[in-house]
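Asker: Provided below for reference: sequence and predicted model.
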Amino acid sequence: MNLILLTLGTLTLGGSAAILLLAFAGRSTRGRYGAKWRCWGWLLLCLRLAIPLPLLPHGQTGAPIRVDVPNPPAVTRPSTVPNTPNIPNGPGTGNTSASQGEAQGTPNQPAPSGSTPTPQTTQREFDPVRLVLGLWLLGACAVLVWNGIAHFRFLSYLRRWSAPVTDRDAIAAFNRLGDQLGLDRRPRLLVCQGLKVPMLAGIFRPAILLPQGNISGEELGFSLLHELTHYRRRDIWLKLLAMWVNALYWFNPLAWYMLRLVERDTELACDEAALSRLSRSDYSGYGQTILAAVARLQNREKEGNQDEE
Amino acid sequence: MKNKMPRTPLSTHLSRSARETEIRIRNIFSGPKKRPPLPFLILMFSICIFCGNIVSCQMAEPADVSEPASSSQEDLPAPPEQKPEAEVREYSETLENIVDLDGDGLMDTATAVVRYDPQDGNGSTITVTAVLGRGETVERQWTEEEYYLSIDSFSAGNITSPDRDAMTLELDVFGSTYGATNVYILELDGGELTECYRSEDNSITGTYHEAREGSPLCDVRIPVLVDKWHNPEYYTLSWNGTGWDLVGDGYFTDAETITVTGGRVLTLALRGRVTDEQFGPHLIYDQIQVFDGDMMFNPNKLLQTITPEDIPADDRFPDPYFSADGHTTFKTQVQIQDVNFDGAEDFAVLCDSTKNQGCRWFRWNQGKEQFEYGFSLAGELETVPQGQKLIETCYAEDFDTLVYNVYGFNNRGWLILEGSWDTLAAAQDACKEDF
């Protein structure tokens, strides 16, 4: 029990240092180096933090091969082992013979104090270790349940308000870009009411969601390219891993910060990967698409506020 | 449309933050990026992977505790005129925050240091220090005269109590041909570290802890030397509530790997024991088990079990046992060789205590995926691939003159004696002529 907490403490401190270092290195090299390497860094860090247990057992010796004995002869240690070459005797005691009586009982081997194999019935009044462990588990479960509920609410919304895309241009662009990216398996393409900007969602049956009606032409192409690149890079899996780590280290503010950085860096890396398939003249259009999407989101927010008023 | 779409963490939703958008736009227009240099990547990725080792959670030790150096060979001053053999040696092992010696639920740290100074002539000094979770420090020091010891292993477990750990310290005896060790068990009793067990003679390196079935306690398994040709016999040391029980397995297990058809590796586990026979072999194998795979540890698929009783009666070598005595002319207890020229290794075990050293040969049957008893021949066999012959070297009936028998295989794969010669050269020539 203590081992888990100690490992958790060690990992959260070491992980915090790694997060800060990675964030600092990312910030200072953002102009020179792509975001892809930072995504790999986050992936490795998340993989290490995802298992809060020591990776290497301490001082364990492997048991040599043992064969089952049908009727094991319970042999008490003989006083001498015949045919045994001389090796140095046990030190210090002067007891070179190991008679049965000495082996089992033992004036020469003082008994450990007080304890027997039977479980003790004494109760501890207050165990801070258990309390801390309980709190940690409670927090981790709360974060996981919160995220799980959010995802299930989203899925049920999707079941109610989404439908397969029927627009021929969108389907043609989707297929063309899928071929371009060499995708053998592709996500579903759905149109969803209430959605303002395209996005990729889901783990096992991912879908690209398009807003209803108001997106077409070059903007549609750039959006689909961006989301298909997310799908190709398996960014949702990285986010899931980061979410798990965040749930385990919910008490560490840097874990929440890391989650944000993972989201940002996946977006940047996705942009870079998408741009590598476009000509420089398209960069402007791609950037305009992002700005337009953000503008739509902000308009929606204002509309929402007005509705509430 | 007043539907408010719920957000999910498992999506690539767009951030509406102006700052994030600015970063993305800048990133787009700053053009293609380079890959970072490899040393930079290695450094950053190493930090990510080994972040658990960057920081260590442990109790701060009191300033007045004189902590021995963890690897003091470099730290200790060595007079320049001293030869390497006469240098002060110091070894240390630490169980850092993984033991609970006092059962208070707080993790303690225990350190064992062994120091050997040839100048003072006092042998090795062993110091075990425990820094308890509450900050208190306890220490036990003793000397083993005339021994140069080093630490083989230092481990902890619920050996004497389900609530607190005891420590097992295994020290190697320098210069021992067969890896002799001293095993000590230490526990915290009444605020003091006490030695509650030390091994007798004949224990060798390889002590480990093993969970006791149906009990929160664990046992200590101590290997004891059988002889230099065999693996040790393990003894189980267990605390019974009032004292120690030390019970031997009653057998040792030798292991050999063997490669059969298609490069498949099998493990032979030969269970041996000491007999009380006055005129027979001192050590015998009473069972040979064949496991799939090269698994010296925890084999899991048993292919077959061979016992001496499975072997049909043999007039030439009638003894009904597999001898495991070490004083033979063979290099190993088990002979491994492809004797029927099928590309799969076969094996033999000794079954004879005479000078002829008869061996039972077991041949691999690929169809049955088992070894089958083939034949018994004397001594080490010489194989002659040309013509697929075997040359057996054995003594004549007077047990004084050597005879060289040449064998071949008939169409059914049975071994046929083809002739006997007085010299090995003559037997080899006969094999070539036949070919």
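Answerer: Now that the structure is in, tell me what you want to look at.

Asker: identify the residue nearest the geometric centre of chain A.
Answerer: With distances taken as C-alpha atoms, centre = their mean, the residue of chain A nearest its centroid is residue A:241 (2.7 Å).

Asker: I'd say it and residue A:45 touch.
Answerer: No. The pair residue A:241 / residue A:45 is not scored as a contact, 9.8 Å apart, by C-beta atoms under 8 Å. In short, each C-beta sits where N, CA and C put it, glycine included.

Asker: list the contacts of the least confident helix or strand in chain B by mean pLDDT.
Answerer: Lowest mean confidence among the helices and strands of chain B (mean pLDDT, DSSP states H and E): helix B:51-54, at a mean of 73. Outside helix B:51-54, the residues that touch it by C-beta atoms under 8 Å, 6 or more residues apart in numbering or on different chains are A:7, A:10-11, A:13-15, A:17-18, A:45, A:48-49, A:54-55, B:47.

Asker: ok, stretch A:141-156 next?
Answerer: Contact with stretch A:141-156 is made by A:201-202, A:243-244, A:246-247, A:250, B:5-11, as judged by C-beta under 8 Å, 6+ apart.

Asker: repeat the analysis, applying 10 Å as the threshold.
Answerer: A:162, A:201-203, A:205, A:240, A:243-244, A:246-250, A:255-256, B:5-11 (C-beta atoms under 10 Å, 6 or more residues apart in numbering or on different chains).

Asker: quick revisit: settle this for me: the residue nearest to the centre of chain A is touching residue A:51, isn't it.
Answerer: No. Using C-beta atoms under 10 Å, residue A:241 is not in contact with residue A:51; the gap is 11.3 Å.

Asker: in the helix or strand residue A:19 falls within, which residues are buried?
Answerer: Using DSSP states H and E, residue A:19 maps to helix A:2-29. Buried positions in helix A:2-29, judged by neighbour count with 16 or more other C-beta atoms under 10 Å in any protein chain shown: A:2, A:5-16, A:18-19, A:21-23, A:25-26, A:29.

Asker: mean confidence for the next helix or strand after it?
Answerer: As assigned by DSSP H and E, the chain's next helix or strand after helix A:2-29 is helix A:36-49. For helix A:36-49, mean pLDDT is 92.

Asker: and what of stretch B:113-128?
Answerer: On average, stretch B:113-128 scores 84.

Asker: contacts (any at all) between chain A and it?
Answerer: Yes. Stretch B:113-128 reaches chain A (C-beta under 10 Å from any C-beta of the partner chain) through B:123, B:124, B:126.

Asker: please name the nearest non-neighbouring residue to the last one.
Answerer: The shortest distance from residue B:126 to any non-neighbouring residue, by C-beta to C-beta, 6 or more residues apart in numbering or on different chains, is to residue B:114 (5.3 Å).

Asker: in a strand, that neighbour, correct?
Answerer: Yes. Per DSSP: H, G, I helix; E, B strand; the rest coil, residue B:114 lies within a strand segment.

Asker: strand partners (parallel or antiparallel) of the longest strand seen in chain B?
Answerer: Identified as the longest strand of chain B according to DSSP state E is strand B:244-259. Sheet pairing for strand B:244-259, assigned by DSSP bridges, gives strand A:75-76 (antiparallel), strand B:233-239 (antiparallel), strand B:265-274 (antiparallel).

Asker: which of those has the lowest mean pLDDT?
Answerer: With a mean of 34, strand A:75-76 has the lowest mean pLDDT of these.

Asker: ok, the residue nearest to the centre of chain A to chain B distance?
Answerer: Distance of residue A:241 to chain B, given as C-beta to the nearest C-beta, to the nearest Å: 11 Å.

Asker: tell me the pLDDT at that residue?
Answerer: Per-residue confidence (pLDDT) for residue A:241: 95.

Asker: residues contacting it?
Answerer: For residue A:241, the contacting residues are A:42, A:43, A:45, A:46, A:47, A:49, A:50, A:262, by C-beta under 10 Å, 6+ apart.

Asker: ok, the residues you listed vs residue B:428, which is closest?
Answerer: Nearest to residue B:428 among the contacts of residue A:241 is residue A:47, at 62.4 Å by C-beta to C-beta.

Asker: count the residues that sit near that closest one.
Answerer: 13 (other C-beta atoms under 10 Å in any protein chain shown).

Asker: related to what we said a few turns ago, could you identify the helix or strand that succeeds whichever strand or helix holds the residue nearest to the centre of chain A?
Answerer: Secondary structure assignment for residue A:241, by DSSP H and E: helix A:235-248. Using DSSP H and E, the helix or strand that follows helix A:235-248 towards the C-terminus is helix A:253-275.

Asker: how about residue A:8: what's its closest non-neighbour residue?
Answerer: residue A:52 (4.7 Å).

Asker: count of neighbours near residue 207?
Answerer: Unless you meant another one, I'm taking chain A. Per other C-beta under 10 Å, the neighbour tally for residue A:207 reads 20.

Asker: ah, no, chain B please
Answerer: Neighbours of residue B:207 (other C-beta under 10 Å): 23.

Asker: isn't it up against residue B:179?
Answerer: No. Between residue B:207 and residue B:179 there is no contact under C-beta under 10 Å: 11.0 Å.

Asker: quick one: whatever helix or strand comes next after the least confident helix or strand of chain B near chain A?
Answerer: Remark: after helix B:51-54, the chain's next helix or strand is strand B:89-99, criterion DSSP H and E. Yes. For strand B:89-99 and chain A, the contact criterion (C-beta under 10 Å from any C-beta) is met by B:93, B:94, B:95, B:96, B:97, B:98, B:99.

Asker: what's stretch A:270-280 in contact with?
Answerer: Stretch A:270-280 has contacts (C-beta under 10 Å, 6+ apart) with A:34-36, A:39, A:177, A:180-181, A:200, A:221-222, A:224-233, A:235, A:282-283, A:285-287, A:290, B:12, B:24-25, B:27-29, B:31-33.

Asker: filter the residues you listed to the buried ones?
Answerer: The buried subset of these - by 16+ other C-beta under 10 Å - is A:34-36, A:39, A:177, A:181, A:200, A:221-222, A:224-233, A:235, A:282-283, A:286-287, A:290, B:12, B:24-25, B:27-28, B:33.

Asker: return the subset of those lying in helices.
Answerer: The members of the buried ones among the contacts of stretch A:270-280 that map onto helices under DSSP state H are A:36, A:39, A:177, A:221-222, A:224-233, A:235, A:283, A:286-287, A:290, B:24-25, B:27-28.

Asker: where are the low-confidence patches of chain A?
Answerer: A:1-3, A:54-126, A:214, A:300-309 (pLDDT under 70).

Asker: just how off-centre is the longest helix along it within its chain?
Answerer: For chain A, the helix that runs over the most residues, judged by DSSP H, is helix A:128-161. From the chain centre to the centre of helix A:128-161 is a distance of 15 Å (C-alpha atoms, centre = their mean, to the nearest Å).
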